[in-house]
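In: prediction below, plus the sequence it came from.
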Amino acid sequence: MTDVLLVGAPNSGKSALFNRLTGLKHKVANYPGITIDVGKGCLSSNPQVTLWDFPGTYSLNPVSAEEQVAIASLRSALQDPQDALVAMVLDATRLEKGLTYCLQVARDAAIAGKAFVVFLNMMDLIESDALELDVSGLSAALGVPVYPVSARTGAGMEEAERGIQQAGLGVAPWADTPDALITGTAQQISERFAPAGDLLVRRQARLDQWLLGTVSGALAFVIIMTLFFQAIFTWAAPLMDGVEALVIAMGSSVASVMPEGVVADFVNDAIFGGLGAFLVFVPLVFILTLIIGALEDSGYLARAALICHRPLSVFGLSGKSFVPLLSGVACAIPAIYAARTLSSMQERLLTYVAIPLMPCSARLPVYALLIAILIPNETALGGLIGWQGLVMSGIYFFGITTALTVAALIGRMSHEDRTGQPFILELPAYRLPVARTIVRTALNRAGHFVQKAGSVIFAVTVVVWILGYFPNGGQDLSSSWLASIGRFIEPVFSPLGLDWRYGVAILASFLAREVFVGTLGTIFGIEAADEDPAPLADQITASGLTVASGAALVVFFTIALQCVSTVALLAREAKSARFAVALMAGYLVLAWLAAFGLYQLVGVLLS
Amino acid sequence: MPSLSLWELAVGESRDIVSICSDTADGAVQRLIDIGFREGQRVSCVMQPGFGAPRVYAVGGATYSLDKQTANFVRIAGEAGR
């Protein structure tokens, strides 16, 4: 067998199993609908075997365009004449949920002549709760091999791996079963073999009484979200300081052994000044992804989505928009993909409108830099609350509020009735997050962030350095080619109290927001060529950036849509380039106007 | 058989499902059937969350949140007012 098609209902642990089998880093979470595209990987123990991870669906009857695509791709794979094994993943704790789909796929696989097996996942929960599940009886009833496994603990995986590679696996005996009988048969099998689910449901309900209650639920939500935003800044600070110290130490030691000249200047200004300034902020992305991963894995995100349903409906959205919006706090790209779980196009478009305004991780380096410049690094309440963290929370709050307000305004303008959208949300079981999985996902995300943004930043840094260094060999930045370009665009940003250096950095940041930090690092690196290396924030503070201009920059970055990848994906997902371009242009104008308004206001208040 | 809407099921109570509204082409009905809201199944109303959030129901060992419009597609055994 060279191909294994992994299928199952949403939240059955299919992607976790895929990762176990392949050692890959597919995004895994305890929230329905995480797998968006078909994933591909090789079996760790035998690279000759390819595994295909299909998006989870509840049946072969699609109810949305995305499910239609997912099911069509599965049907197409089933009809492929090449030999393949279909492996259905069932959640042992919620057996009935996946059984109808299991029998539907087993029948289609049998018609196509494909062998069929079942992975009975989450057996660790069955065992820890001393529940009973007759695996061999279930196997006999389904007429196919059933492997009890736990993707979380790895239990049963070796046997399952051996099982899917053995010769002579047969097709399921359901080829002649009509649709009308499948549901009833699934129900009968479930009634006979499913463990008494009451225990799990009751235990879950006890926690839900707390986390979904009016007072306790609100309190829990506020505490979790406050800790979330505080932690991003507070926990990342020591890591960021460490990376910063490392970059500066490396820069100093490299500079001390290199002969003076263009190459030494390039290494100092572009590599350690530009790229180094960006790398300092990578721990932020790691911590952010780690916390979101822990929230997802625990099962809390679905509850948060439920609590937010009514409040979000005020803005024309629903609870289902919560996860795409929260994903937008990490990055707009997965957030836009996550919006595919919304069944209505209208609601999806409104979510697309809000996502680019969510304070994504690419903005984080910019915010962190500006906060370090504008806000003293002091604490209150005996060190419990840091002012910088508090301001960061405020910026996030402003971004989220702006996102929802703009979505509400656009929703109202569209005059479409959105009250008729049905709401069905599965509440997954609570479970302790698996550190290994969420750390791996966070490392993967941070690595991807460095890889994707780092290459763009490096290229931009080199161009900015060349333009800033020549024609006078770095002697006078103000007469460089870069300064000439900067002065050309200076009239756009001078009303915000920003000189050409910031104009150039903003212009460069349209490739990716993080480029702003790298570009400023290079510019200030060239300017301070003869001085000892110092953190970029100190250099900018010394250059005299005013509070009003700093605040204007924060607001500009909060609203402006400066990510080419996001615009391209929006155009694709919304099936309208006009929508994406209009959003980009609209947010740019809004960003400038809001920044100008704040600059004037702060100027008046401080005078 | 007398029936009422699932939305009328009080928190903490359980009833058997007697039918799923099939006179609509709504995708929600298909989804309800797929996830286990089928004739003869026992369904419980687990809780009414705060903030006017949709109610939580348990069926087939799993829990789902359904809003009023969706819950009204499901008819359960019983009489109004009971």
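Out: Looks like it arrived, so ask away. The structure presented is a predicted model; accordingly, all values stated were derived computationally and were not measured.
In: what residues of the strand or helix carrying A:Q451 count as buried?
Out: If you go by DSSP states H and E, A:Q451 is part of helix A:435-469. The neighbour-count check on helix A:435-469 (16 or more other C-beta atoms under 10 Å in any protein chain shown) flags A:437-442, A:444-446, A:448-450, A:452-454, A:456-458, A:460-462, A:464-465, A:467-469 as buried. The C-beta positions use only the backbone N, C-alpha and C, and glycine is treated the same way.
In: ditto for stretch A:120-133
Out: Neighbour count says stretch A:120-133 has A:120-126, A:131, A:133 buried, by 16+ other C-beta under 10 Å.
In: chain center to it, what's the gap?
Out: 31 Å (C-alpha atoms, centre = their mean, to the nearest Å).
In: go on, stretch A:388-404?
Out: Between the centre of stretch A:388-404 and the centre of its host chain there is 18 Å, according to C-alpha atoms, centre = their mean.
In: now check it, is it near chain B?
Out: No. If you take C-beta under 8 Å from any C-beta of the partner chain as the test, stretch A:388-404 misses chain B, and the best it gets is 15.5 Å.
In: on that earlier part again, reformat the buried residues of stretch A:120-133 as TSV; add pLDDT.
Out: TSV is the format used below for those (pLDDT from 0 to 100):
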residue	pLDDT
A:L120	96
A:N121	94
A:M122	91
A:M123	93
A:D124	90
A:L125	85
A:I126	88
A:L131	83
A:L133	90
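In: quick check: next helix or strand after the longest helix anywhere in chain A?
Out: Scanning chain A for the helix with the most residues, using DSSP state H, yields helix A:214-257. With elements assigned by DSSP H and E, the helix or strand that comes after helix A:214-257 is helix A:262-266.
In: domains in chain A, by residue range?
Out: Domain assignment for chain A, taken from automatic domain parsing, gives A:3-196, A:220-418+A:452-606.
In: contacts only, for the residue of chain B most remote from its centre.
Out: For chain B, the largest distance from the centre (C-alpha atoms, centre = their mean) belongs to B:F51, which lies 20.1 Å off. Taking C-beta atoms under 8 Å, 6 or more residues apart in numbering or on different chains, we find B:F51 in contact with A:214, A:217-218, A:307, A:309-311.
In: nearest to chain B among those residues?
Out: A:T214 (3.0 Å; C-beta to the nearest C-beta).
In: could you find the closest non-adjacent residue to that closest one?
Out: Spatial nearest neighbour of A:T214, chain neighbours left out: B:G50 (3.0 Å); criterion: C-beta to C-beta, 6 or more residues apart in numbering or on different chains.
In: where does the one you found land in three-state SS?
Out: Following DSSP: H, G, I helix; E, B strand; the rest coil, B:G50 is assigned to coil.
In: now list the buried members of the contacts of B:F51.
Out: For those, a burial check counting by 16+ other C-beta under 10 Å picks out A:217, A:307, A:309-310.
In: wait, what's in contact with the most centrally placed residue in chain B?
Out: A centroid search over chain B (C-alpha atoms, centre = their mean) returns B:L6, at 3.8 Å, as the residue closest to the centre. B:L6 makes contact with B:17, B:37, B:43, B:45, B:57, B:66, B:71-76, according to C-beta under 8 Å, 6+ apart.
In: ok, the residue nearest to it when sequence neighbours are not counted to B:S19 distance?
Out: Closest residue in space to B:L6, ignoring its immediate chain neighbours: B:V74 at 3.9 Å, by C-beta to C-beta, 6+ apart. Separation of B:V74 from B:S19 (C-beta to C-beta, to the nearest Å): 8 Å.
In: who has more neighbours, those two?
Out: Higher neighbour count among B:V74 and B:S19: B:V74, with 29 against 14, using other C-beta atoms under 10 Å in any protein chain shown.
In: residues in contact with that one?
Out: B:5-6, B:17, B:20-21, B:32, B:37, B:43, B:66.
In: pLDDT (mean, whole number) over stretch A:321-328?
Out: The pLDDT scores in stretch A:321-328 average 86.
In: which bits of the stretch 151-300 of chain A sit near chain B?
Out: A:183, A:187, A:190, A:194-195, A:197-198, A:200-201, A:204-205, A:208-209, A:212-215, A:217-218.
In: now, which of those lie within helices?
Out: Per DSSP H, those map to helices at A:183, A:187, A:190, A:198, A:200-201, A:204-205, A:208-209, A:214-215, A:217-218.
In: looking at chain B, what residue ends up closest to chain A?
Out: B:G61 (2.4 Å).
In: is it true that that residue touches A:L200?
Out: Yes. With contact defined as C-beta atoms under 8 Å, B:G61 reaches A:L200; the gap is 6.8 Å.
In: so where's chain B uncertain?
Out: B:22-26, B:80-82 (pLDDT under 70).
In: tell me the SS of the residue nearest to B:M47 when sequence neighbours are not counted?
Out: Nearest residue to B:M47, sequence neighbours excluded (C-beta to C-beta, 6+ apart): B:V56, at 4.9 Å. Look at B:V56: counting by three-state DSSP, its state is strand.
In: now the helix or strand containing A:S327 and helix A:214-257, what's the angle there?
Out: Here A:S327 is covered by helix A:322-330, with elements defined by DSSP H and E. With axes from the mean of the first three to the mean of the last three C-alpha atoms, to 10 degrees defining the directions, helix A:322-330 sits at 20 degrees from helix A:214-257.
In: what does helix A:322-330 rub up against?
Out: Against helix A:322-330 from outside (C-beta under 8 Å, 6+ apart): A:31, A:285, A:288-289, A:292, A:301, A:304-305, A:308-309, A:312, A:317, A:334-336, A:338-339, A:341-342, A:351, A:354-356, A:358-361, A:396, A:400, A:403, A:445.
In: just to revisit the earlier point, tell me the buried residues in the following helix or strand past the helix holding A:Q451?
Out: Sequence-wise, the next helix or strand downstream of helix A:435-469 (DSSP H and E) is helix A:481-493. By 16+ other C-beta under 10 Å, the buried positions in helix A:481-493 come out as A:482-483, A:485-486, A:490, A:493.
In: distance between helix A:481-493 and the chain's centre?
Out: Helix A:481-493 sits 35 Å away from the centroid of its parent chain (C-alpha atoms, centre = their mean).
In: for the residue of chain B closest to chain A, give me its contacts.
Out: A:93-97, A:194-195, A:197-198, A:200-201.
In: now do A:V492
Out: A:V492 makes contact with A:503, A:592, according to C-beta under 8 Å, 6+ apart.
In: now for A:V222, how many residues are close by?
Out: Counted with other C-beta under 10 Å, A:V222 comes out at 10.
In: and the gap between it and chain B?
Out: Counting by C-beta to the nearest C-beta, to the nearest Å, the gap from A:V222 to chain B is 12 Å.
In: what sits against that residue?
Out: Contacts of A:V222 by C-beta under 8 Å, 6+ apart: none found.
In: for B:I33, see how far away it is.
Out: For A:V222 relative to B:I33 (C-beta to C-beta), the value is 38 Å.
In: over to A:Y502?
Out: From A:Y502 over to B:I33 the distance is 58 Å, taken as C-beta to C-beta.
In: and the stretch 401-550 of chain A, which of its residues are near chain B?
Out: Residues of the stretch 401-550 of chain A found near chain B (C-beta under 8 Å from any C-beta) are A:420, A:422-427.
In: next one: phi and psi at A:V149?
Out: Reported as degrees, to the nearest 10, the phi and psi values for A:V149 are phi -140, psi 170.
In: tell me the pLDDT of A:A551.
Out: 94.
In: output the contacting helices and strands for the helix or strand harbouring it.
Out: Element membership of A:A551, judged by DSSP H and E, is helix A:547-559. The contact analysis (3 or more C-beta pairs under 8 Å, 6 or more residues apart in numbering or on different chains; DSSP states H and E) places helix A:547-559 against helix A:364-374, helix A:387-414, helix A:500-508, helix A:577-606.
In: the longest helix of chain A versus helix A:198-211: what angle between them?
Out: Using the same axes, to 10 degrees: helix A:214-257 against helix A:198-211 is 80 degrees.
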